[in-house]
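Participant: Sequence plus predicted model, see below.
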Amino acid sequence: MKFLEKLLLALLGATICHTAVFAGGPMTNTNQSAAFLRSVARGTSLQSDAVYFNPAGVVFMDNGFHIGINDQMAKQTRTTSSSLVMGNNLPGGFSETEFQGSVFSPLVPSVHFAWKHNRIALMAGMGVNGGGGTIKYDNGLASFERIVSSFPTLLTANGLPTTAYSRDLFLEGSSMTLAFNFGAAFRITDWLSVAAMVRYSSSNNSYKAGLSNMMLNPAHPLLNPTSQMVSAGQLLTSINMAQYAALVDQQLDVKQKGSSFSPVLALSFHKGKWDASVKYEFEMRTELENETSKDINLGTGGMFPNGAKVKAETPALLAVAVSRHFGPVKVTAEWHEFFDKNAENSFSNVITGNTTEYLLGAEWQITDKWLVSAGAQYTALDMDPAKYSDMNFSCPSVSVGLGFMYSFSEKIGLNFGVMPTFYQDVTSTGVHSFGGMNLGQYTDVFSRTSIACGLGLDIKLGR
């Protein structure tokens, strides 16, 4: 029964991969404004998105109200190229060796609000802190296909020659974590300030999957004298394997919801040509509760029991930034450390250490109305490739941002940014075992693509 457990676990795992499509660590989105897409390093921002990137710096902004309204669109693909899919050698098997899932997120909003008066500021913000998309696999997964396509080999080894198979497979997963921040900042001196915030996160995931219409063509003078394609469920029942027959037709439909509170602390320095900031986001210890209408069953009960809870923690983040002004040009360097090793979530079995990011950005105020900017971010992961799977993987990457801000007046500005991300392929090898048989070594190459663009409106009211 272990081989069918592996098959169904592959189906299950395919639906629960994290679907974050933006810059940041494996579980965290850090792109919280269109200005981020155009300049990347925002840790010393004194615009509306300082509410997220530089909360203590809000008290160095002009007196009055500051509002930022942003929307981003993103498209991503996840691809696994595999060297071993058993169906490639079968007349009725699948010939593909490349399996791709795609995510398109047309609406990813973020809103920032701040009121500043002299030495104090109050602020609030909302953004997509994790997930933000729906991933669909129209052609299945390599890991799944390896198992399904091994059925003919398994039956042949057990005295029932089989050369072809087919199946219907449906895989779809979505995730969204909205974070709402509320806080205050205080300027201790003319150049130093502090801030504290409370963050409330609300997570909603949805997973749907189905395995049905599995067909095989066993050659048997009594069971199937013409070697035509027959129902796998009926076949397994007829050869006294009914305990397996019930497992080859499975459906999954589950929603997960959960929330958590966590604090955020920050410092900001602003003097002359120099700006700097330090921000620490505490771990979000979210638990998700299952709302299950259809569940995968391995014969010992469902895999998503209704009402059961699972960990979906977002790691703590330490962000440090420093900037210097060179006339009309501002250059910012930034460093992020995601404490992934301490958080329990879907990446826990792959992570061996923390994720580190290095960011560099520049803004050039060409005229009173036009500002252009560019930046880059390198994300270094600490994961074990031997534990990678196409169900849940991430890749080291370089993101490049480019865009502009156009000021209609001193009170209204429009930001536009675009950010493609270039991922480094990760290679993993393993041995495919099925039904007690060793079917050879395989090599999987994991790759990703991503591009995001966004528009944002900054509004100032009062002085």
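Facilitator: Perfect, I can see it now. Numbers count the residues shown, from 1 in each chain.

Participant: Would you map the strands across the stretch 351-463 of the chain?
Facilitator: 355-365, 370-380, 397-407, 412-423, 426-434, 437-461 (DSSP state E, counting those that start in this stretch).

Participant: In the last one, which residues are buried?
Facilitator: Yep, that's strand 437-461 we're talking about. By neighbour count with 16 or more other Cβ atoms under 10 Å, strand 437-461 contains the buried residues 439, 442, 444-448, 450, 452-458, 460. In this view, the C-beta of every residue, glycine as well, is placed from N, C-alpha and C.

Participant: Give me the sheet partners of the helix or strand containing Arg199 and which way each runs.
Facilitator: Assigned by DSSP states H and E, Arg199 belongs to strand 192-218. Neighbouring strands of strand 192-218 in its sheet, by DSSP bridges, are strand 162-187 (antiparallel), strand 230-231 (antiparallel), strand 250-271 (antiparallel).

Participant: what sits against Ala232?
Facilitator: Applying Cβ atoms under 8 Å, 6 or more residues apart in numbering to Ala232 gives the contacts Phe151, Tyr165, Met214, Met215, Leu216, Ala245, Val248.

Participant: out of those residues, which is most surrounded?
Facilitator: Using other Cβ atoms under 10 Å as the neighbour definition, those reach their maximum at Phe151, which records 29 neighbours.

Participant: doesn't Thr162 make contact with that residue?
Facilitator: Yes: proximity of Phe151 to Thr162 meets the contact threshold set by Cβ atoms under 8 Å, at 7.1 Å.

Participant: Now Phe36: which helix or strand?
Facilitator: According to DSSP H and E, Phe36 maps onto helix 34-39.

Participant: Just the C-alphas of that helix, formatted as PDB.
Facilitator: As requested, the backbone C-alpha atoms of helix 34-39 are provided in PDB (Å, rounded to 0.1, in the frame of the first residue of the first chain):
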ATOM      1  CA  ALA A  34       4.900  50.600  -6.400                       C
ATOM      2  CA  ALA A  35       7.900  52.700  -5.300                       C
ATOM      3  CA  PHE A  36       9.600  49.400  -4.100                       C
ATOM      4  CA  LEU A  37       9.300  48.000  -7.700                       C
ATOM      5  CA  ARG A  38      11.000  51.100  -9.100                       C
ATOM      6  CA  SER A  39      13.900  51.500  -6.500                       C
END
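
Participant: For the following helix or strand past it, the averaged confidence score.
Facilitator: Secondary structure here is assigned by DSSP H and E; on that basis, the next helix or strand after helix 34-39 toward the C-terminus is helix 50-53. The predicted model gives helix 50-53 an average pLDDT of 98.

Participant: ok now helix 50-53, how far from the chain's centre?
Facilitator: For helix 50-53, the distance between its averaged C-alpha position and the chain's averaged C-alpha position is 22 Å (Cα atoms, centre = their mean, to the nearest Å).

Participant: Next: stretch 204-211.
Facilitator: Averaging C-alpha positions (Cα atoms, centre = their mean) puts stretch 204-211 16 Å from its chain's average.

Participant: Same check on stretch 58-71?
Facilitator: Worked out by Cα atoms, centre = their mean, stretch 58-71 lies 29 Å from the chain centre.

Participant: That stretch: end-to-end distance?
Facilitator: Between the start and the finish of stretch 58-71 there is a gap of 22 Å, counting by Cα to Cα, to the nearest Å.

Participant: Could you pull out the buried residues of it?
Facilitator: The neighbour-count check on stretch 58-71 (16+ other Cβ under 10 Å) flags Val58, Val59, Phe60, Met61, His66, Ile67, Gly68, Ile69, Asn70, Asp71 as buried.
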